[in-house]
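Chemist: coordinates only, sequence not included:
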């Protein structure tokens, strides 16, 4: 009778040890490296927000879990208005699989495509207006075609130069965490100087500015 009690206790202890070893083995599982995919978006897409569909190839375990095969998956991604370059969309355990390892993650990293007109500075947009010297000195109206397709006329009344920046509040990019709030539009100036002046023109300028 005493022997049976000891034997039962011994079996119980063995089970606990085996369970502990099993748990340690699970904890030691190596996680597969993530699949990194660049998600390219135009500035217009980031201004409004957009939906992207991406096809990604990843490694999947065979039925016997001893080997892997390559399969493609299609992911639908919702990109929010105002998102910035470097923003990540992570799908946990949807990356590569490998026998004995923990499934890796699938990570999409947002990449902003260059824009021909605007330069993004955080939530602000910088625009370079090309104007003549006369317009720089006497004022003008600059038409700015915004990312939503609308044209916004900006009246310039002050004397401006290459180092002048005019800020129009609330006309930049939407803020990712507060999409109803916007950054600013920063207007700089690319002033075109005449290649040459006549003596008469020089005289008029001297008399006017001096």
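Modeler: The structure has been received and is ready for your questions. Values in this document were obtained by computation on a predicted structure and should not be read as measured data.
Chemist: Can you name the residues that contact the most centrally placed residue in the chain?
Modeler: By C-alpha atoms, centre = their mean, the chain has its centre lying nearest to residue 85, at 2.3 Å. Under the criterion of C-beta atoms under 8 Å, 6 or more residues apart in numbering, the neighbours of residue 85 are 110, 111, 112. Where C-beta positions appear, they are placed from N, C-alpha and C, glycine not excepted.
Chemist: Buried ones among those?
Modeler: Among these, those classed as buried by 16 or more other C-beta atoms under 10 Å are 110, 112.
Chemist: mind listing the strands in this protein by residue range?
Modeler: For the chain, strands defined by DSSP state E occupy the ranges 35-41, 50-61, 68-79, 88-91, 106-112, 118-121, 124-132, 140-145, 151-156, 166-168, 174-175, 178-182, 185-192.
Chemist: What strands flank the shortest one, and is each parallel or antiparallel?
Modeler: Think strand 174-175. strand 178-182 (antiparallel) (DSSP bridges).
Chemist: Relative to the whole chain's centre, how far out is the partner strand?
Modeler: On the basis of C-alpha atoms, centre = their mean, to the nearest Å, strand 178-182 sits 16 Å off its chain's mean C-alpha point.
Chemist: now stretch 92-107
Modeler: With C-alpha atoms, centre = their mean, you get 24 Å for stretch 92-107.
Chemist: hmm, who's touching that stretch?
Modeler: 29-37, 56, 58-61, 65-68, 73, 75, 88-91.
Chemist: From start to finish, how long is that stretch in a straight line?
Modeler: 8 Å (C-alpha to C-alpha, to the nearest Å).
Chemist: Next, the buried residues of it.
Modeler: 94, 95, 96, 97, 98, 103, 104, 105, 106, 107.
Chemist: Would you mind giving these as JSON lines with pLDDT and distance to residue 148 added?
Modeler: Converted to JSON lines, the buried residues of stretch 92-107 look like this (pLDDT from 0 to 100; distance: C-beta to C-beta, whole Å):
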{"residue": "94", "pLDDT": "97", "distance to residue 148": "34"}
{"residue": "95", "pLDDT": "97", "distance to residue 148": "36"}
{"residue": "96", "pLDDT": "97", "distance to residue 148": "40"}
{"residue": "97", "pLDDT": "96", "distance to residue 148": "43"}
{"residue": "98", "pLDDT": "96", "distance to residue 148": "46"}
{"residue": "103", "pLDDT": "96", "distance to residue 148": "41"}
{"residue": "104", "pLDDT": "97", "distance to residue 148": "39"}
{"residue": "105", "pLDDT": "98", "distance to residue 148": "35"}
{"residue": "106", "pLDDT": "98", "distance to residue 148": "32"}
{"residue": "107", "pLDDT": "98", "distance to residue 148": "30"}
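Chemist: how about stretch 37-44: buried residues?
Modeler: So, applying 16+ other C-beta under 10 Å, buried residues of stretch 37-44: 37, 39, 41, 43.
Chemist: out of these, who's nearest residue 173?
Modeler: Using C-beta to C-beta, residue 43 is the member of these that lies nearest residue 173, at 8.1 Å.
Chemist: Right, I'll leave it there.
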